[in-house]
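K.L.:
Sequence plus the predicted model coming up.
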Amino acid sequence: MIQQYKGIAPKGDILLIQKLCEKLRGRCILNINSTRKGGGVAEILQRMTPLLKGLDIDARWEVIEGDDRFFDITKKIHNTLQGNMDMITEDMWDHHHAVNEANSRKIDLDADFVLIHDPQPIPLIEYRKRGFYVWRCHIDVSNPLPDIWQRLERYVRSYDCVIFSVSKFSKSLPVDEFIIPPAIDPLSDKNIELTEEEVKRTMDKLNVPMDKPILLQVSRFDVFKDPIGVINAYRRVKKYNDCRLVLAGSLATDDPEGTRVLNEVRDYAGNDPDIHILLLPPSAAREINALQRAATIVLQKSLKEGFGLTVSEAMWKEKPVVGGAVGGIPYQITHGVTGFLVYSVDGAAFRIRQLLNNPGMRKRIGQKAKEYVRRNFLITRQIRDYLSVWYFLENKGQKAIEL
Ligand code: UDP
């Protein structure tokens with residue numbers, strides 16, 4: 001399977017993956033997160049697991065289960081880590097722990113290398129059987145509420161190392177830290193090349209006419225993705241440039257706020273026939289692919305962001321992206337070169353208009369964006385990095401003695 005990436009991904013990454021897999025052959029890697037569908041983490045694990053299996057690594061992906069209360073609490077933890085004011089009571093922390101304890105009895109935790117994704121399953125470290133445990137943090141923890149972070153840090157200290165998506169999220173921790181940005185799979189249904197015909201057919205099916213320039217944001221319905229800000233930017237642009245706005249999103253099982261935000265967005269959009277709010281099932285990868293290819297400009301106007309995989313997805317399709325200058329977005333967009341970074345609704349509207357009025361600029365930016373993603377944000381680079389950390393952990397003791 002890895003052979004299929006030849007000619008698409010950088011050759012050096014493929015060579016390193018092959019060599020590292022020779023060393024780690026037959027060993028077991030276990031990924032654990034909190035949803036099988038919806039959001040960037042599930043997207044990555046869905047693709048990475050079969051690829052690793054094809055490289056003779058025994059790769060497993062498990063998802064913790066919890067009740068509604070658990071996901072309300074973990075969403076609160078998520079929001080407070082991203083800086084929102086809220087309270088997590090002792091009782092809530094106890095429930096968070098108890099649900100993980102119950103999961104530890106259901107999930108086979110026996111593996112050589114265990115990647116625990118985000119705060120939902122973080123207490124599982126207490127049930128380690130053997131192997132190396134890595135906490136893989138995808139969210140923006142650059143400015144968390146201090147007491148919430150302190151509470152999580154109690155768990156973090158027991159891990160063998162921590163992986164953050166971008167350097168500005170890293171903390172001063174007593175365990176080793178690595179920076180590994182997420183990545184997209186150029187061969188998945190989400191990103192594979194589509195014919196123009198399929199794009200048109202899909203847009204017809206979704207009832208989005210291709211008669212005007214299309215602005216698109218693909219995101220879970222979440223306030224941090226700023227869908228209301230996107231509508232405001234579109235309204236400013238619309239005074240001068242005729243266009244359509246598509247807000248495409250799905251609901252993730254570990255995100256209980258989605259429906260409320262979706263309803264707010266629908267109300268706010270009113271009955272403007274040029275605003276299309278599409279609620280898609282998380283399995284609609286080819287539809288998202290077609291939407292991104294049909295778009296004239298892709299927006300990711302987040303106010304807080306872990307990484308923002310949607311940015312790389314659009315860049316891979318040679319689209320100019322206007323993105324909020326938060327989280328991992330500035331690591332993907334070099335302002336004015338591979339897209340535009342914005343800090344406000346006015347800023348977004350200004351850049352959208354500049355791009356709408358300048359097809360040459362759209363093309364130039366799109367081409368550079370694709371090459372930047374090829375070199376930095378393809379799944380092969382990410383697998384290379386995970387395997388390197390695993391290899392490092394297995395050999396760390398020996399190295400320390402040598403030093
Ligand atoms: N996504 C999707 N359908 C939707 C909304 C999002 O398939 O309706 C995908 C999107 O294409 C991307 C991922 O979910 O692959 C979102 O990842 P990102 O890092 O942008 O945001 P997160 O949801 O993890 O905060």
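P.N.:
Nice, thanks for sending it over.
K.L.:
Distance of the closest residue to A349 other than its chain neighbours relative to the ligand?
P.N.:
Distances taken as C-beta to C-beta, 6 or more residues apart in numbering place R236 nearest to A349, at 3.8 Å, with adjacent residues excluded. (Each C-beta comes from the backbone N, C-alpha and C, glycine too.) Distance, R236 to the ligand, by C-beta to the nearest ligand atom, to the nearest Å: 24 Å.
K.L.:
contacting residues for H138?
P.N.:
By C-beta atoms under 8 Å, 6 or more residues apart in numbering, H138 lies in contact with 40-41, 117-118, 165, 182, 306-307.
K.L.:
What of T49?
P.N.:
Applying C-beta under 8 Å, 6+ apart to T49 gives the contacts 31, 59-61.
K.L.:
if you set the cut-off to 7 Å instead, what comes out?
P.N.:
T49 makes contacts with 31, 59, 61, as judged by C-beta atoms under 7 Å, 6 or more residues apart in numbering.
K.L.:
of all those, which comes closest to the ligand?
P.N.:
Nearest to the ligand, judged by C-beta to the nearest ligand atom, of the contacts of T49 is N31 at 15.0 Å.
K.L.:
rewinding a little: now tabulate the contacts of H138 in a markdown table and tack on secondary structure, pLDDT and distance to the ligand.
P.N.:
Shown next, in a markdown table, are the contacts of H138 (DSSP: H, G, I helix; E, B strand; the rest coil; pLDDT from 0 to 100; distance: C-beta to the nearest ligand atom, whole Å):
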| residue | secondary structure | pLDDT | distance to the ligand |
| --- | --- | --- | --- |
| G40 | helix | 85 | 3 |
| V41 | helix | 92 | 6 |
| H117 | strand | 98 | 11 |
| D118 | coil | 97 | 10 |
| S165 | coil | 94 | 9 |
| P182 | coil | 93 | 7 |
| G306 | coil | 89 | 6 |
| F307 | coil | 93 | 5 |
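K.L.:
tell me which of those is nearest to P273?
P.N.:
For the contacts of H138, the residue nearest P273 by C-beta to C-beta is G40; the value is 31.4 Å.
K.L.:
which residues sit in contact with the closest residue to the closest one other than its chain neighbours?
P.N.:
Using C-beta to C-beta, 6+ apart and skipping the chain neighbours, the partner closest in space to G40 is L309 (4.3 Å). The contact partners of L309, by C-beta under 7 Å, 6+ apart, come to 40, 43, 182, 184.
K.L.:
and the gap between L309 and T35?
P.N.:
For L309, the distance to T35 equals 15 Å [C-beta to C-beta, to the nearest Å].
K.L.:
mean confidence score for stretch 13-24?
P.N.:
Taken as a whole, stretch 13-24 carries a mean pLDDT of 96.
K.L.:
Noted, bye for now.
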